[in-house]
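**Q** output the structure for:
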Amino acid sequence: MALVGTNDYGVDEPSAQALLQRHRDLEGEINAYTGDIQSLNSQAEKLIKAGISTIELAAEPDVMDVDGSTEEWVNETRLVPQEFWEDEPVERIEHKTVMEDRPVAQVKGLYPFSGQGMVMAKGEVMFLLNKTNPDWWSVRKANGQDGFVPANYVREIEPKIMQVSVRRAEKVQTVQRVKKTKMVKTIVPVKRIIPAKPQSQLKKKVVNDCQHVEKRQKKINDTYAQLKELALKRRALLEDSIRLFGFFRECDDFGKWIKDKEKMLRAEDKTDNVESAKESLRNF
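**A** Residues are numbered from 1 along each chain as shown. Next comes the predicted model:
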């Protein structure tokens, strides 16, 4: 009951995923006892229908006389917890920089031009960086020089496909060792004490067996139902925890991206001359 009622939902996305996997194994063990519970209920109903209502049991004396008693060792089959390590796959998100093919706008010079620190030959092909100004377009020559040319001196041509670096989120599969516990049927030696006093000298007690069976049956069924309900709630909470940690991680990544872009924009010198526009485009 303590395992399904714990409030440990992990500290991050990988730990929450590991807890969910362990909980699924625990749920499997819990559901495996459904057949045993049904068999126990069937036996209890047969006892009640058979009219077995009273039975005489030997009550233990107030003071046990161990003098003259004998001991014996018997083998019993019991469920013993056994720990083992198992490799489990864990999936996490990593951001990697990859190269992608992107179209880059190009222009071709219609007329020769010289001015604003730029020299353009007729027919020269350059990259188009910006055309927000209807009169002057920002271009980049093949030698890497940036500058502005008159918009009516060039025309756009077919874009050039180039490789650019892009940050992309990818799922990465890793394996981690997780300690688990399973119940194993084991034969263990058990010491029993056989009292020397004859059974006839012990006091008798009468138990209402029918009432006792019903109470025990109800208690077992209620406890098992509560156990399954707690297991179901914990699985839902662990799944919510994984989604929440994933949302926080994506928010952190997006926040870092916004701060980087904000620094770049604040660093720009906001003036209206051509030279400042050239410098801001280089920095961007």
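**Q** secondary structure element holding the closest residue to residue 154 other than its chain neighbours?
**A** Once flanking residues are discounted, residue 154 sits nearest to residue 107: 4.1 Å by Cβ to Cβ, 6 or more residues apart in numbering. Any C-beta I mention is one placed from the backbone N, CA and C, and that applies to glycine too. In this assignment (DSSP states H and E), residue 107 forms part of strand 70-109.
**Q** and for residue 132?
**A** Residue 132 is located outside every helix and strand, with elements delineated by DSSP H and E.
**Q** ok, now how distant is it from residue 191?
**A** Taking Cβ to Cβ, to the nearest Å as the measure, residue 132 falls 92 Å from residue 191.
**Q** strands of the stretch 1-150 of the chain, residue ranges please.
**A** Per DSSP state E, counting those that start in this stretch, the stretch 1-150 of the chain carries strands over the ranges 54-58, 70-109, 113-115, 118-120, 125-130, 136-140, 146-150.
**Q** so residue 153 touches residue 118, yeah?
**A** No. Counting by Cβ atoms under 8 Å, residue 153 stays clear of residue 118, with 10.4 Å between them.
**Q** for residue 12, what are its contacts?
**A** By Cβ atoms under 8 Å, 6 or more residues apart in numbering, the residues touching residue 12 are residue 245.
**Q** and residue 33, how many residues sit next to it?
**A** The tally of other residues near residue 33 (other Cβ atoms under 10 Å) stands at 13.
**Q** and if you look at residue 216?
**A** 12.
**Q** kindly report the same for residue 6.
**A** Look at residue 6: counted by other Cβ under 10 Å, it has 12 neighbours.
**Q** sticking with the closest residue to it other than its chain neighbours, tell me its helix or strand.
**A** Spatial nearest neighbour of residue 6, chain neighbours left out: residue 234 (7.6 Å); criterion: Cβ to Cβ, 6+ apart. Using DSSP H and E, residue 234 sits within helix 209-266.
**Q** what helices or strands is that helix leaning on?
**A** With contacts taken as 3 or more Cβ pairs under 8 Å, 6 or more residues apart in numbering; DSSP states H and E, helix 209-266 sits against helix 13-32, helix 34-49, strand 70-109.
**Q** tell me the most buried of those?
**A** Per residue and on average, the most neighbours among the helices and strands packed on helix 209-266 fall to helix 13-32, with a mean of 16 (mean count of other Cβ atoms under 10 Å).
**Q** export it as CSV, just CAs?
**A** Taking C-alpha atoms only, helix 13-32 is exported to CSV below (Å, rounded to 0.1, in the frame of the first residue of the first chain):
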residue,chain,number,x,y,z
GLU,A,13,11.3,14.1,-17.0
PRO,A,14,13.7,11.1,-17.0
SER,A,15,13.2,10.3,-13.3
ALA,A,16,9.4,10.6,-13.7
GLN,A,17,9.5,8.2,-16.7
ALA,A,18,11.6,5.7,-14.7
LEU,A,19,9.0,5.8,-11.8
LEU,A,20,6.2,5.3,-14.3
GLN,A,21,7.8,2.2,-15.7
ARG,A,22,8.4,0.8,-12.2
HIS,A,23,4.8,1.6,-11.3
ARG,A,24,3.5,-0.3,-14.4
ASP,A,25,5.4,-3.4,-13.3
LEU,A,26,3.9,-3.0,-9.9
GLU,A,27,0.4,-2.7,-11.4
GLY,A,28,1.1,-5.9,-13.3
GLU,A,29,1.9,-7.7,-10.1
ILE,A,30,-1.3,-6.3,-8.4
ASN,A,31,-3.5,-7.4,-11.3
ALA,A,32,-1.9,-10.9,-11.3
